[in-house]
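[1] 3D model of this:
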Amino acid sequence: MPATPVIDVERLNVTYGDFAAVRDLSFHVRRGEFYALLGTNGAGKTSTLEVVEGHRRAASGTVRIFGESPQDRRAVRPRTGIMLQESGFSPDLTVRESVGLIGALSGRRDDVDRVLGIAGLTRKAGTRVSQLSGGEKRRLDFATAVYGGPELVILDEPTTGLDIQSRDALWAAVDRLRDEGSTIVLTTHYLEEAQQRADRIGIMHEGTLHREGTVAELTQSLPSVISFGLAPGAPEPPIVGAVNGAFHIETFRLQDDLHRLLGWAHDTGVELRELQAGPTRLDDIFRAISRD
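    Residues are numbered from 1 along each chain as shown. The predicted model follows:
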C-alpha cells in the first residue's frame with residue numbers, strides 16, 4: 001500500500017456567501033516532497049491554504065494532514081510549521097522572546113539560539129519586534145515556522161521583502177530541512193523560485209486546479225522559443241517568424257530547429273544578434289492560462 005500523503009485534498013469547496021472561491025479541488029502532497037501551489041490572482045489559493053492550515057472550514061470536501069483533520073490541532077499542529085504572510089507578533093516582545101513563545105506553543109522542542117542562527121537573527125535577539133524592518137520580520141516568521149524541525153513546513157510568500165543574501169540563506173535553511181525529511185509546501189509570486197526548487201507544481205485558476213505536474217511536464221505543453229535579430233540586408237533564415245524586423249520562433253523541436261539555424265548562420269557568415277533560445281517558463285504558462 002502506498003504511504004499516506006502528508007496533505008490529501010479531495011473535492012474541496014470553499015464559499016463566501018454565494019461566491020465559490022474553491023470548486024471541487026483535489027490534490028495531494030507526498031512525504032518529503034517540495035510542492036508549489038501557485039495561482040493567478042483570485043484563483044482561490046489563499047482560501048485553500050487556510051483550510052489546509054486549519055484556519056478555515058471547508059464548505060464541503062475532505063482535507064487530511066498526516067491522515068488527520070487540520071481542525072484537530074493537537075494531532076496536526078506539533079508536526080506542522082506555518083509561515084504566514086503576516087504573523088502579527090507582539091511588538092513589545094524581543095525576537096528571542098517571540099521565537100521562544102511561538103516555539104513553545106507549537107509543542108516542538110528546539111534551541112532558540114540555533115533557530116535564530118538559521119534565520120539570520122542572532123544579532124537581533126534582544127531587539128523588540130516593533131523595531132524590526134520588514135525583511136527582519138519575515139525572517140522572524142520563518143524562524144517560528146521551522147522551530148523544532150516540523151515534518152511539514154508551509155511557506156506563504158516566504159521571500160517577500162528579503163534582500164538577495166537573506167533569500168539565499170532562507171533557501172539554504174529550507175534545503176537542510178528537506179535533507180532531514182521535511183515536506184515543503186510553497187506559495188510565491190516569484191515563479192522562478194518554484195521553477196528552480198519544486199518537485200511538482202499545482203497551478204490554480206478560478207477556484208480549480210488548472211494544471212499540475214513537474215516543471216518539465218508543465219512547460220512541455222507549450223512551444224519553446226527562439227528569438228534573434230539580423231542585420232539589414234541579411235538573407236532570409238531557414239526558419240520563418242519575423243515580427244517587426246525581429247525573429248520570434250515558437251517550436252516543439254527546439255534542438256533540431258536551433259541546430260538548423262546555427263548551421264545556416266555559420267555557412268552564410270550571418271550574425272544572429274541577441275540570440276536567445278529556451279523552453280517555456282512558468283510565467284508563459286500563467287499567460288496562457290489567463291488567455292484561456
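
[2] after the least confident helix or strand in the chain by mean pLDDT comes which helix or strand?
    The weakest-scoring helix or strand in the chain, judged by mean pLDDT, DSSP states H and E, is strand 242-243 (a mean of 48). Following strand 242-243 in sequence order, the next helix or strand is strand 246-251 (DSSP states H and E).

[3] what residues sit buried inside that next one?
    247, 249, 251 (16 or more other CB atoms under 10 Å). In short, each C-beta sits where N, CA and C put it, glycine included.

[4] hmm, the second one is touching residue 226, no?
    Yes: at 4.4 Å, residue 249 counts as touching residue 226 under the criterion of CB atoms under 8 Å.

[5] quick revisit: which of the buried residues of strand 246-251 lies closest to residue 29?
    The closest of these to residue 29 turns out to be residue 251 (CB to CB; 33.9 Å).

[6] what sits opposite the closest one in the beta ladder?
    Legend: beta-bridge partners of residue 251 under DSSP bridges are residue 224.

[7] which residues does the closest residue to residue 54 other than its chain neighbours contact?
    Closest residue in space to residue 54, ignoring its immediate chain neighbours: residue 70 at 3.7 Å, by CB to CB, 6 or more residues apart in numbering. For residue 70, the contact set (CB atoms under 8 Å, 6 or more residues apart in numbering) comprises 51-54, 63-64, 76.

[8] helix, strand or coil: sort out the residue in the chain sticking out farthest from the centre for me.
    What lies farthest from the middle of the chain is residue 233; by CA atoms, centre = their mean that is 46.0 Å. At residue 233 the chain is in coil, as set by DSSP: H, G, I helix; E, B strand; the rest coil.

[9] how far away is it from residue 265?
    15 Å (CB to CB, to the nearest Å).

[10] return every residue with contacts to both of residue 249 and residue 226.
    Contacts common to residue 249 and residue 226, judged by CB under 8 Å, 6+ apart, are 239, 257.

[11] wait, residue 109 touches residue 150, no?
    No: counting by CB under 8 Å, residue 109 sits too far from residue 150 to count as a contact (11.5 Å).

[12] which one of those two has more residues nearby?
    Counting neighbours by other CB atoms under 10 Å for residue 109 and for residue 150 shows that residue 150 has the greater number, 22 against 11.

[13] residues contacting that one?
    78-81, 106, 108, 182.

[14] for it, helix, strand, or coil?
    coil.

[15] next one: it, what pLDDT does it get?
    On pLDDT, residue 150 comes in at 96.

[16] from the contacts of residue 70, which is closest to residue 206?
    Using CB to CB, residue 51 comes nearest to residue 206 of these, at 17.4 Å.

[17] which residues sit in contact with that closest one?
    12, 14, 22, 57-58, 63, 70.

[18] can you tell me the helix or strand for it?
    helix 45-52.

[19] let me see the domain layout of this protein.
    Domain assignment for the chain, taken from automatic domain parsing, gives 7-218, 222-291.

[20] return the most buried member of those domains.
    domain 7-218 (a mean of 18; mean count of other CB atoms under 10 Å).
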